[in-house]
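K.L.:
Okay, here's the prediction I keep looking at, along with the sequence it came from:
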Amino acid sequence: MNKKRRSEVESVIKEIYSISSNIESILFDEDSSRDSIPENLMSSESYEKSEECSDSLESAMDSLSDAIDYLNEVIV
């Protein structure tokens with residue numbers, strides 16, 4: 001891979017890190033919001049949806065981490 005394309009991949013990696021950081025912030029906010037739900041509402045539909053959202057956000061972050069790993073292999 002030439003220097004120009006390597007630089008482009010490095011730029012993409014930085015963008016993915018930024019996106020992952022944004023998702024992590026959203027996840028933190030979602031978890032904090034769910035943690036403040038009273039105990040008597042922990043079996044509610046909105047609580048369950050919040051848990052599902054957090055699971056999906058974590059999966060997205062894992063996928064982005066995998067993408068970064070693959071891209072790092074390209075520029076080695």
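P.N.:
That came through, no problem. Numbers count the residues shown, from 1 in each chain.
K.L.:
all contacts plus neighbour counts: C-alpha atoms, from now on.
P.N.:
Fine.
K.L.:
What's the first helix or strand after the strand or helix carrying residue 7?
P.N.:
Counting by DSSP states H and E, the element that carries residue 7 is helix 3-35. Under the assignment DSSP H and E, the closest C-terminal helix or strand after helix 3-35 is helix 45-74.
K.L.:
Just the buried positions in that following helix, please.
P.N.:
47, 50, 54, 57-58, 61, 64-65, 68, 71 (16 or more other CA atoms under 10 Å).
K.L.:
Now do it: which elements does it pack against?
P.N.:
helix 3-35 (3 or more CA pairs under 8 Å, 6 or more residues apart in numbering; DSSP states H and E).
K.L.:
Could you find the closest non-adjacent residue to the residue sitting nearest the centre point of the chain?
P.N.:
Residue closest to the average C-alpha location in the chain (CA atoms, centre = their mean): residue 61, at 2.7 Å. Spatially, and ignoring its direct neighbours in sequence, residue 61 is nearest to residue 20 (5.7 Å; CA to CA, 6 or more residues apart in numbering).
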